[in-house]
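K.L.:
Show me the folded form of this:
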Amino acid sequence: MNRLDTLIEELCPDGVEYVRLDEICNITRGRVMSKDYLRDNVGDYPVYSSQTANNGIFGYINTYDFDCESITWTTDGANAGSVFYHSDKRFSITNVCGLLRLKDKAQASTKFMYYALQIVTKSYVNSGMGNPKLMSNVMAKVVVPLPPLPIQRKIVEVLDNFTELTARKKQHNYYRDSLLNFADDVQVVTLSQCCLSIADGDHQAPPKADYGVPFITISNVSSAGIIDFSNTKFVPEEYYNALADKRKAQTDDILYTVVGSFGITVFIDSDVKFTFQRHIAILRPDCKTILPKYLYHVLQSSDFMNQANAVATGAAQKTITLTVLNKMKVPLPSIDKQARIVDILDHFNELVSDIKTGLPAEIAARQKQYEYYRDKLLTFEVRV
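P.N.:
This next block holds a predicted model:
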């Protein structure tokens, strides 16, 4: 029995009380603030609006309406029902937001209520007339579990740990993008100018075999850039041998998905034999011009993904053609600088890319914990 189960058995063996939000929270609505108002009253205190870019910050003014630990939610639009936690900070909110403050902190944890509301608020959103809404009168009726504080704190501890790990992954992406953001004096070239070849998988349906050389599809490639060979189909060895050399992956090649879930990048670090469908491109870097690992990092950058999003075509399945892929741009500093960047990012990746001991494995474990405790939020026995 784990610590949470023990606490539940000790503190609420007969079930958990469920309450309406208006029983435990004061509910407040934001106020109308125009862009002109923000410009005329510019200052240091953030104004939060519908959660979009910049963490929902609409602007900064010289006064504030709230200085308390609280939960805000979006009342109108596509993000209606989204909830956000605020520690003790001075801020304001616009009229498309609402705010919840606990009436008694000896009764409930604000952070616990935030995690509970992440799960339940969407089911209260009214999507009629094409404009989703979760107004204050409906928010007041939202029902949440109210276990004893020690249970709330334990759940918050685990979910906070998970959130911290996710933040570390975002930090890594930001760090990578910063290293790959060069001044205008760095040469920019097309992929075709720094690769010996850019190809994709065979466009003909490959012959099937009960054993032989693995044949991978996009479904065998994880978003973390790992190939799963455990459930592949196979093609005959003769078929593999007849393929053009540029379609046979070798060490230092890079795979890049180009159809559907495009933009997933895989670095090939061994000469293992496999074939792949035409939805996957294979790039062979020209090592005299560009370091393979450097190109691998560039292909994962936000700048390159923005290029991919801009050129992808199609409706049902977005596609990046090889013609377009050849023309996509990469920054090309000196080989020495490329090597320094690779060394830094590879070292950083040890924290996030080791499938056995690094962050993905830790996140996977935490994800299971997260789902377990999240489900507990909704599956407490109701106290009669």
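
K.L.:
From the recorded domain assignment, give the ranges for this protein.
P.N.:
Listed by automatic domain parsing, the domain ranges of the chain are 17-146, 187-332.

K.L.:
just checking, Gly212 touches Val235?
P.N.:
Yes - in this structure, Gly212 is within contact of Val235 by Cβ atoms under 8 Å, at 5.7 Å. To be clear about C-beta, it is placed using only N, CA and C from the backbone, and glycine gets the same treatment.

K.L.:
which SSE is the residue of the chain most remote from its centre in?
P.N.:
Centroid-distance maximum for the chain: Glu238 at 41.2 Å, with Cα atoms, centre = their mean. Assessed by DSSP states H and E, Glu238 sits inside helix 237-242.

K.L.:
what residue ranges in the stretch 201-350 of the chain score low on pLDDT?
P.N.:
Applying pLDDT under 70 to the stretch 201-350 of the chain flags residues 316, 349-350.

K.L.:
Against Asp346, how distant is the residue farthest from the centre of the chain?
P.N.:
Between Glu238 and Asp346 the distance is 38 Å, computed by Cβ to Cβ, to the nearest Å.

K.L.:
Could you point out the longest strand of this protein?
P.N.:
Ranked by number of residues, the top strand in the chain under DSSP state E is strand 83-93.

K.L.:
List the buried residues of that one.
P.N.:
For strand 83-93, burial by neighbour count (16 or more other Cβ atoms under 10 Å) applies to Val83, Phe84, Tyr85, His86, Phe91, Ser92, Ile93.

K.L.:
what's the nearest residue to Phe91 if we skip its chain neighbours?
P.N.:
Spatial nearest neighbour of Phe91, chain neighbours left out: Pro46 (4.9 Å); criterion: Cβ to Cβ, 6 or more residues apart in numbering.

K.L.:
correction: Pro150
P.N.:
Leu7 is the one closest to Pro150 (Cβ to Cβ, 6+ apart), at 5.5 Å.

K.L.:
by how many degrees do whatever helix or strand Asn26 lives in and strand 83-93 diverge?
P.N.:
Assessed by DSSP H and E, Asn26 sits inside strand 25-29. Relative orientation of strand 25-29 versus strand 83-93 (axes from the mean of the first three to the mean of the last three Cα atoms, to 10 degrees): 50 degrees.

K.L.:
The helix or strand Phe348 falls within packs against which elements?
P.N.:
For Phe348, the host element (DSSP H and E) is helix 335-349. Counting contacts by 3 or more Cβ pairs under 8 Å, 6 or more residues apart in numbering; DSSP states H and E, helix 335-349 is packed against helix 149-179, helix 292-300.

K.L.:
Which residue ranges of this protein form helices?
P.N.:
Shown for the chain, the helices assigned by DSSP state H span residues 3-11, 21-24, 35-40, 110-120, 136-139, 149-179, 191-194, 237-242, 292-300, 302-311, 322-327, 335-349, 359-379.

K.L.:
Need the contact partners of the fifth one.
P.N.:
With contact meaning Cβ atoms under 8 Å, 6 or more residues apart in numbering, helix 136-139 is reached by Leu21, Ile27, Arg29, Trp73, Thr75, Gly98, Leu100, Thr121, Tyr124, Asn126.

K.L.:
and these as a markdown table, adding distance to Lys141, pLDDT and neighbour count?
P.N.:
Formatted as a markdown table, the contacts of helix 136-139 follow (distance: Cβ to Cβ, whole Å; pLDDT from 0 to 100; neighbours: other Cβ atoms under 10 Å):
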| residue | distance to Lys141 | pLDDT | neighbour count |
| --- | --- | --- | --- |
| Leu21 | 7 | 96 | 23 |
| Ile27 | 11 | 97 | 15 |
| Arg29 | 16 | 94 | 15 |
| Trp73 | 14 | 93 | 25 |
| Thr75 | 14 | 92 | 26 |
| Gly98 | 13 | 94 | 21 |
| Leu100 | 13 | 96 | 24 |
| Thr121 | 11 | 91 | 22 |
| Tyr124 | 7 | 93 | 17 |
| Asn126 | 12 | 89 | 13 |
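
K.L.:
Val158: which of these is nearest?
P.N.:
Among those, Thr121 lies closest to Val158 (Cβ to Cβ), at 20.8 Å.

K.L.:
show me what contacts the closest one?
P.N.:
Contacts of Thr121 (Cβ under 8 Å, 6+ apart): Trp73, Gly81, Ser82, Val83, Leu134, Met139, Val142.

K.L.:
repeat for Tyr239
P.N.:
Tyr239 touches Pro206, Pro207, Gly212, Val213, Thr275, counting by Cβ under 8 Å, 6+ apart.

K.L.:
Now for these, which sits with the most neighbours around it?
P.N.:
Counting neighbours by other Cβ atoms under 10 Å, the top entry in the contacts of Tyr239 is Thr275, with 23 neighbours.
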